[in-house]
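K.L.:
sequence first, predicted model second:
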Amino acid sequence: MTDAKYDVLGIGNAIFDVLVRTDEDFLARHGMAKGGMMLIDEARAAAIYRDMGPATEMSGGSAANTIVGIASLGARAAYVGKVKDDQIGRLYSHDIGAAGVAFSTAPASDGPATGCSYILVTDDGERTMNTYLGAAQDLTVADIDPAEIAASKMIYLEGYLWDPKNAKDAFVKASEIAHQSGREVALTLSDAFCVDRYRAEFLELMRGGTVDVVFANEAELHSLYQTSDFDGALGQLRKDAKLGVVTRSEKGCVVASREAVIAVPAFPVETIVDTTGAGDLFAAGFLFGLVRGAGHENAGRLGALAAAEVIQHIGARPQVSLKELAQQHGLPV
């Protein structure tokens, strides 16, 4: 195996986030399931945007947020995702490059606009997402560069990629190239509703060895195995995945390998402002620790720290250097 050019390369739906504070009535009025992610068309996107209050707009996308977090920790990171060559797409490309992430996916010259997610944040910090995939759904196998995949220690994929068919094929191709090159592949299940849509396929990805590391929160784990029994579901995850990492909000996380289960506490948080990106940034810290050989417990602690930083402000990307933050708390970076 040759030396790696990147520590982690992420592949995901390139989505621009439009965040707004709102109340339960707004969600009810628009028929939104609180805490979930719903795919919407352009007309519904326009209707939601018209009814929203003043918004905060920034680049997002689940895997992209994770990769930006990994770069903030000081790792070499790259991202693959599709935007259109429009104003938002150019802004997106600028933002991810400015965060220190290599991003060379060719933008679409025609077709739908760059994807957007309309994220409603209620007073309890819970986020409810309405996503118009736009150009993101046009990510194809042709956008996967075999040399870049082979030169990355870890490939990180988001479950949301399973919605657009072409992206699904790109996902599988990237995994095949990574494994042929002796690399590892991680998957985040992304959302309980996403798991509901693709449960059998996600289980096959794990059991068939397409993915090596699986990230889930409690709701996603329960959905995956269709049980409310956490310990039972965790036991099944240990059989199905080489490494499973389950986040449990204020209860911290559980790192489950076939050899052991390690519980890592959450990092103390003064005020939860916006949970958007909590799972994304947890994955950033954990993957950083994993590829740097810090061990599962330290990886969990790095994940907890990164997640704690991002939920204390609006938006799904860190506002401080995560490397400096980790150093201040004596964590290995």
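P.N.:
Here it is on my side, so go on.

K.L.:
next SSE downstream of whichever strand or helix holds His222?
P.N.:
Taking DSSP states H and E as the definition, His222 sits inside helix 218-225. Next in sequence after helix 218-225, counting helices and strands by DSSP H and E, comes helix 230-240.

K.L.:
mind listing residues that contact the one helix or strand Phe171 maps to?
P.N.:
In this assignment (DSSP H and E), Phe171 forms part of helix 165-180. Helix 165-180 is contacted from outside by 11, 13, 80, 136-141, 143-144, 146, 149-150, 152, 155, 157, 161-162, 184-185, 209-211, using C-beta atoms under 8 Å, 6 or more residues apart in numbering. (C-beta placed from N, C-alpha, C; glycine too.)

K.L.:
how about that helix: buried residues?
P.N.:
The neighbour-count check on helix 165-180 (16 or more other C-beta atoms under 10 Å) flags 166-168, 170-175, 177-179 as buried.

K.L.:
average pLDDT for stretch 192-207?
P.N.:
The pLDDT scores in stretch 192-207 average 96.

K.L.:
the contacts of helix 165-180 in strands, which ones?
P.N.:
Mapping the contacts of helix 165-180 onto strands (DSSP state E) picks out 11, 80, 152, 155, 157, 184-185.

K.L.:
what's the local residue count around Ile311?
P.N.:
For Ile311, the neighbour count with other C-beta atoms under 10 Å is 22.

K.L.:
then Ser62?
P.N.:
Neighbours around Ser62, by other C-beta under 10 Å: 30.

K.L.:
next: Ala142.
P.N.:
Using other C-beta under 10 Å, the number of residues around Ala142 comes to 10.

K.L.:
begin at 2 from here
P.N.:
Okay, using 2 as the starting number, the last item reads as Ala143.

K.L.:
from Asp197, how far out is it?
P.N.:
Distance, Ala143 to Asp197, by C-beta to C-beta, to the nearest Å: 30 Å.

K.L.:
Asp241 is in contact with Leu204, correct?
P.N.:
Yes - taking contacts as C-beta atoms under 8 Å, Leu204 lies within contact range of Asp241: 6.5 Å.

K.L.:
how many other residues sit next to His223?
P.N.:
Residues near His223, counting by other C-beta under 10 Å, number 18.

K.L.:
ok so, going back, and the contacts of helix 166-181, which are buried?
P.N.:
12, 14, 81, 137-140, 144-145, 150-151, 153, 156, 158, 162-163, 185-186, 211-212.

K.L.:
Thr132 is in what secondary structure piece?
P.N.:
strand 128-133.

K.L.:
likewise Asp275?
P.N.:
Counting by DSSP H and E, no helix or strand carries Asp275.

K.L.:
pretty sure it contacts Leu121?
P.N.:
No - assessed by C-beta under 8 Å, Asp275 is found out of contact with Leu121, at 10.6 Å.

K.L.:
who has more neighbours, those two?
P.N.:
Set Asp275 next to Leu121 and count neighbours by other C-beta under 10 Å: Leu121 wins out with 25 against 22.

K.L.:
who's in contact with Ile145?
P.N.:
Contact analysis of Ile145 by C-beta under 8 Å, 6+ apart lists 12, 81, 171, 174-175, 178.

K.L.:
what does Asp139 give?
P.N.:
83, 109, 112-113, 165, 167.

K.L.:
low-confidence bits of this structure, can you list those?
P.N.:
For the chain, residues meeting the criterion pLDDT under 70 lie at 2-3.

K.L.:
ranges for the helices of it?
P.N.:
Ranges of helices within the chain are 25-30, 43-52, 63-73, 88-99, 147-151, 166-181, 193-208, 219-226, 231-241, 279-292, 297-311, 323-329, based on DSSP state H.
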